[in-house]
Each structure stands twice: as C-alpha cells, then as structure tokens.
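Asker: Here's my sequence, what's the structure:
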Amino acid sequence: MSTENSERPKPFSLIRSFVAADFLTLGNGACGSGSVLAAMQHLVTHEPRWLVLAMALLPVALVLDFADGRVARWRRKSSFLGADLDSLADVISFGLAPAAIAFAAGMRGALDVAILLYFVACGISRLARFNATAAALADESGKVKYFEGTPIPTSVFLVLFLAVLHATGRLSDDRWLGHWTLGGLVLHPLAILFALSGSAMISTIRVPKF
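Answerer: From the prediction side, this is the model:
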C-alpha cells in the first residue's frame, strides 16, 4: 500500500473529530442562518410570522453559544476547531442575522444599509481581535478575565428591542422615530443603535468575563 493511500483521511473524519460542544456551536450557526432565511422570507411574503421567527431564533442561538463553552469546560474537552467554529457561528448569528432582521424590518435606506454593513464589519473585527489576543489576555490558568470591547452576542438585545417594537405595532410603516432624509439619503434613527453597538464592539472598553 502506498504512503499516499495510507495517509488519506478516513471518511467523515472532520465530523468524527467534533466533540459535544462543537455540535452546540453548529446549532448556534444554524439558528443564525435560519434567522437570515426567515428574514428573507418575510421580505418575499410580507408575512409577520417570518419576521417573528427570525427574531426568535437568535435568543436560541445565544443559549447555544453560552452552552457550548460550558459543555467544553464541563467535559474538559474541545476540538482543534472549537474557537474557529465559535467565531464563524457568532458572525452569522450575532452579526449578519441582526442586520438582516433590521433590513427586513424596514431599515433599507441608503444610510441604514451603510450602518448595517458597518455593524457587521465591526462584529467581524471584534471576533478577529479576540482570537488574536486571547492568549495574551489569559491568566496563569489560561482563562480570559475580560473582553476588550462588548461581546458580539450583545447584539441580541437590539433584536429584542426590535421585537418589542414589533409586538407593540411600532415597527410598521409608522416606524418608531420615523425616518430622516439627509442629502437625499434616508436614515431611520433606529439604525443608529446598530452603529453604537458596532462601535462598542471595537472599542477598548473592558468587559469582565463571567
């Protein structure tokens, strides 16, 4: 048997290398992806239930994001892909999905879109910085004591706020705070919350990690 054949990975070796925490992380990413698709379905059908579903999936993603770390520490076992899987899932669930929900909810002006793109870029940058600096921020036990910048899952609070507005009928055509026209470009003041959230992510604010 040749060396090339003997070193060929076994079928589904990637999946077989996953541990329990990784499947929770994949569940997080699936919820985020489902949220994006539900937001798109809302744009196509204009049925409120799809927007509600898009919003409802993100708290589930947050629970799974919290659980994967707990399970990894409880079982004292994580895969070599664990940190990367977590970051990629978080970008979808807490970066792209909230932006897609905001867009589907009516924040589709040119300035709104610019802010939502900025928000997603901030989330990506936040996660990249954490991955690059986690080792330097860790103490002797290897545990990171604080986050630099607000964690990207805090964007769920934005979605919960939008959910409250939707439930009270203030996310329809007569949107809360209305909209502004600046130089011919439309901006919904609600989008400013996403700008503030993104800026907090890339700030140097130290947030204790519990």
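
Asker: any idea where the strands of the chain begin and end?
Answerer: Counting by DSSP state E, the chain has strands at residues 146-148, 180-182, 185-187, 206-208.

Asker: Show me what the second one pairs with in its sheet, parallel or antiparallel.
Answerer: I take that to be strand 180-182. strand 185-187 (antiparallel) (DSSP bridges).

Asker: so which of the strands of the chain comes closest to residue 44?
Answerer: strand 185-187 (21.8 Å; Cβ to Cβ). No exception for glycine: its C-beta is placed from N, CA and C like everyone else's.

Asker: contacts for the closest one?
Answerer: Under the contact criterion Cβ atoms under 8 Å, 6 or more residues apart in numbering, strand 185-187 has outside partners 109-112, 115, 179-181.

Asker: Show me what counts as buried in that strand.
Answerer: Residues of strand 185-187 classed as buried: 186-187 (neighbour count, 16 or more other Cβ atoms under 10 Å).

Asker: Any idea how far it is from the middle of the chain?
Answerer: Centroid displacement of strand 185-187 relative to its chain, using Cα atoms, centre = their mean, to the nearest Å, is 25 Å.

Asker: And stretch 151-158, by the same measure?
Answerer: Relative to its chain's centre, stretch 151-158 lies at 7 Å (Cα atoms, centre = their mean).

Asker: try stretch 203-210
Answerer: Chain-centre distance of stretch 203-210: 18 Å, with Cα atoms, centre = their mean.

Asker: again, but for stretch 102-109
Answerer: Worked out by Cα atoms, centre = their mean, stretch 102-109 lies 17 Å from the chain centre.

Asker: ends of it, how far apart?
Answerer: One end of stretch 102-109 sits 11 Å from the other (Cα to Cα, to the nearest Å).

Asker: which other residues reach it?
Answerer: Residues outside stretch 102-109 that contact it (Cβ under 8 Å, 6+ apart): 39-40, 42-43, 51, 54, 112-113, 116, 158, 162, 166, 171, 173, 175, 179, 185-188, 190-191, 194.

Asker: Now, of these, which are buried?
Answerer: Looks like the contacts of stretch 102-109 have 39, 42, 51, 54, 112-113, 116, 158, 162, 166, 171, 175, 179, 186-188, 190-191, 194 buried, using 16+ other Cβ under 10 Å.

Asker: Check the gap between residue 62 and residue 155 for me.
Answerer: Applying Cβ to Cβ, to the nearest Å, the value for residue 62 to residue 155 is 10 Å.

Asker: From residue 109, how far off is the closest residue to residue 201 other than its chain neighbours?
Answerer: Taking Cβ to Cβ, 6 or more residues apart in numbering, and ignoring the residues beside it in sequence, residue 201 has residue 126 as its nearest neighbour in space, at 4.0 Å. Distance, residue 126 to residue 109, by Cβ to Cβ: 25 Å.
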